[in-house]
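Q: quick one, structure for this:
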Amino acid sequence: MTERRLNAATLATLPPDIQRPNYDRAATKIGIVHLGLGAFHRAHQAVYVDDVLAHDPDWAICGVSLNSLDVRDALAPQDGLYTLALLGEQPTLRVIGAIREVFAAREERERVLGRMSDVDVRLVTLTVTEKGYCLSGGELDFDHPDIAHDLANPRTPVSAIGYLVEGLRRRKAQRLPPYTVLSCDNLPDNGGKLRRAVVAYAQRLDHDLACWIAENGAFPRSMVDSITPATDDALRERVCDALGCVDAWPVQREAYTQWVVEDAFCNGRPPLERAGVTMSDDIAGYDRAKLRLLNAPHSALAYLGSLMGIETVAQAMGTPVLAAFVERLMHDAIVPNVAAPRGFDAPRYVDAILERFRNPAIQHRLSQIAWDGSQKIPVRLLGTIADALAAGRPIGRLCLPIAGWLHFVRRQARNGVALSDPMNDVLSQVGRRTTGDATHDVDAFLAIDAVFAPLSADARFVAAMRSAYAALGDGSPDAVGAALL
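A: As a prediction, this is how the structure comes out:
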């Protein structure tokens, strides 16, 4: 294997079929600090910013890894450069240049805070996962160890919230305007939750600072979407062979990507729309459409496909009876019950999702999608059913994936296999008591109010669930296939 390393010096020597930045990196300025320098950010938002820099050089990224040293140690010797592999029938490789600086906060706290209080930085973005916000019940958890530490030591923070507030405090002291804080994590009302957490934390430290943030800051909501498989040695080897040099940490994702951002910034913003970002005032509408039109069919494939012995989404879409059912489910049962945002083309979105599901280059395992069904079923399917009932529309097709989940739970429980679900104990107990009788089994599951209330009190829903459960018979592959027809 070659010892040459991807970096600014070797960039010009790459083979001509490798895409590379089409702007002068040396002429760019760091205008964004990103907290949480994981694979998703580098495969998603940083790629959009790479496109933005061709139009406006003021928005290069300083990437900050809050906990790990690994990303900095991999990318700093590469001048922030790394390779993106787009997975499809004809995979393509592209070197991304948007990240000009890489810090590991554990060892470089002052450099991070210094950059956050730089006048040129006008936007701070985050992908720290939901747990990185230190929330409980949607509000800041003051008992969280990281928050307790930061309140006691506000000048040396360890949490994302602590860094945001200390950076803003320094800007206020320097009479600089605040930066916009943009959450790019997949949690409902991400900007609203983040605003409340930041202001609540600041209030514990300094009332005037909290008021300044509340009055002058901005926390737009956003929605992101793209499947990003983990980097593995096979990807590293493939990239090295193609580039003729070593990339310590390439990333990969499907070709499809979506980023929807609320246009509510306080200190200027990148021309994101020129890079394909959708600017909208209805992020909740896009979130709802994604939950119902993307995530609900994913769950349908997971439970019905698992019962049929299928392992991945692409394999499920290669099973004609299951693929046809999911397509009908989306077009005929879900689309009519989605209140879409203005300008949103639901049929076109469905077609794009179906194409994504069929992508053989993405090995998305059904067993993983099946995790946490008690948390996913209510937001992915039960809301659509409630809207359909209110409108007097049929719900039989919508109930079949839920019945598939019940059969899946029953099978796992009777085989002594624990569920990857926070309600494993309750679900497994019900699953072990099932008899195969639709009325008995469905009524036992619907009694779990944490999942099914208040729909479980609707006789139409109960009847449809009993019918769907019975249609799946004993939950065997042949019985499921017959039900899908």
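
Q: for Arg72, list the residues it contacts.
A: Leu37, Ser65, Val102, Phe103, Ala104 (Cβ atoms under 8 Å, 6 or more residues apart in numbering). (Glycine included, C-beta is placed from N, CA and C.)

Q: ok, and the closest non-adjacent residue to Gly167?
A: Nearest residue to Gly167, sequence neighbours excluded (Cβ to Cβ, 6 or more residues apart in numbering): Met116, at 3.3 Å.

Q: do Ile448 as well
A: Counting by Cβ to Cβ, 6+ apart, the residue nearest Ile448 is Val426, at 6.2 Å.

Q: from Ser299, how far off is that neighbour?
A: When distance is defined by Cβ to Cβ, to the nearest Å, Val426 is 19 Å away from Ser299.

Q: so between the two, which is more surrounded?
A: Ser299 (21 against 14; other Cβ atoms under 10 Å).

Q: so which strand or helix has that one?
A: Using DSSP states H and E, Ser299 sits in helix 296-307.

Q: who's in contact with that helix?
A: Residues contacting helix 296-307 (Cβ under 8 Å, 6+ apart): 313, 315-317, 319, 322, 325-326, 329-330, 334, 353, 357, 366-367, 369-370, 373, 376-377, 380-381, 384, 400-401, 404-405, 407-408, 411, 472, 475-477, 480, 484.

Q: quick revisit: most neighbours out of the contacts of Arg72, which is it?
A: Leu37 leads those on contacts (other Cβ under 10 Å) with 27 neighbours.

Q: may I have the helix holding Ser299 as PDB, with CA atoms only?
A: The C-alpha coordinates for helix 296-307 follow below in PDB (Å, rounded to 0.1, in the frame of the first residue of the first chain):
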ATOM      1  CA  ALA A 296     -43.100   4.200   8.300                       C
ATOM      2  CA  PRO A 297     -42.300   2.200   5.100                       C
ATOM      3  CA  HIS A 298     -38.900   1.400   6.600                       C
ATOM      4  CA  SER A 299     -40.700  -0.100   9.600                       C
ATOM      5  CA  ALA A 300     -43.100  -2.000   7.400                       C
ATOM      6  CA  LEU A 301     -40.200  -3.500   5.500                       C
ATOM      7  CA  ALA A 302     -38.400  -4.300   8.800                       C
ATOM      8  CA  TYR A 303     -41.200  -6.300  10.500                       C
ATOM      9  CA  LEU A 304     -42.900  -7.900   7.500                       C
ATOM     10  CA  GLY A 305     -39.500  -8.600   5.900                       C
ATOM     11  CA  SER A 306     -38.100 -10.100   9.000                       C
ATOM     12  CA  LEU A 307     -41.000 -12.400   9.300                       C
END
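
Q: could you point out which element follows that helix?
A: Assigned by DSSP H and E, the successor of helix 296-307 is helix 313-317.

Q: hmm, back to that, ok, the residue nearest to Gly167 - contacts?
A: Contacts of Met116 by Cβ under 8 Å, 6+ apart are Val33, Val124, Tyr163, Glu166, Gly167, Arg170, Arg171, Tyr179.

Q: from Leu164, how far off is it?
A: 8 Å.

Q: now do the shared contacts for the two.
A: Val124.

Q: please enumerate the helices of the stretch 151-300 of the chain.
A: For the stretch 151-300 of the chain, applying DSSP state H, counting those that start in this stretch gives helices covering 160-173, 190-205, 207-216, 233-243, 283-290, 296-307.

Q: how about the ones you listed, which one is nearest Pro422?
A: Pro422 lies closest, by Cβ to Cβ, to one member of the helices of the stretch 151-300 of the chain: helix 296-307, at 16.2 Å.

Q: what angle do that closest one and helix 283-290 make?
A: Helix 296-307 and helix 283-290 are oriented at 30 degrees to each other (axes from the mean of the first three to the mean of the last three Cα atoms, to 10 degrees).

Q: for Phe103, phi and psi?
A: Main-chain torsions, Phe103, degrees, to the nearest 10: phi -120, psi 150.

Q: wouldn't it be in contact with Val64 here?
A: Yes. Between Phe103 and Val64 a contact is recorded at 5.0 Å, counting by Cβ atoms under 8 Å.

Q: can you show me the CA trace of stretch 237-255 as PDB?
A: Listed in PDB are the C-alpha atoms of stretch 237-255, where the atom choice follows Å, rounded to 0.1, in the frame of the first residue of the first chain:
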ATOM      1  CA  GLU A 237      -8.700   0.200   0.700                       C
ATOM      2  CA  ARG A 238     -11.000   1.100  -2.200                       C
ATOM      3  CA  VAL A 239     -10.300   4.800  -1.800                       C
ATOM      4  CA  CYS A 240      -6.600   4.300  -1.500                       C
ATOM      5  CA  ASP A 241      -6.500   2.300  -4.700                       C
ATOM      6  CA  ALA A 242      -8.500   4.900  -6.600                       C
ATOM      7  CA  LEU A 243      -6.600   7.900  -5.200                       C
ATOM      8  CA  GLY A 244      -3.100   6.500  -5.200                       C
ATOM      9  CA  CYS A 245      -2.600   7.800  -1.700                       C
ATOM     10  CA  VAL A 246      -3.900   7.100   1.800                       C
ATOM     11  CA  ASP A 247      -7.000   8.700   3.200                       C
ATOM     12  CA  ALA A 248      -7.200   7.800   6.900                       C
ATOM     13  CA  TRP A 249     -10.900   8.400   7.300                       C
ATOM     14  CA  PRO A 250     -13.000   8.500   4.100                       C
ATOM     15  CA  VAL A 251     -16.800   8.500   4.500                       C
ATOM     16  CA  GLN A 252     -19.600   7.000   2.400                       C
ATOM     17  CA  ARG A 253     -23.300   7.600   1.900                       C
ATOM     18  CA  GLU A 254     -26.100   7.000  -0.600                       C
ATOM     19  CA  ALA A 255     -26.400   9.400  -3.500                       C
END
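
Q: give me the mean pLDDT for it.
A: In this model, stretch 237-255 has a mean pLDDT of 97.

Q: buried stuff in it?
A: 238-240, 242-243, 245-255 (16 or more other Cβ atoms under 10 Å).

Q: wait, which of those residues is closest to Asp443?
A: Glu254 (40.8 Å).

Q: if I look at that closest one, how far off is Gly38?
A: Distance, Glu254 to Gly38, using Cβ to Cβ: 17 Å.

Q: before we move on, what about Asp17?
A: Counting by Cβ to Cβ, the gap from Asp17 to Gly38 is 28 Å.
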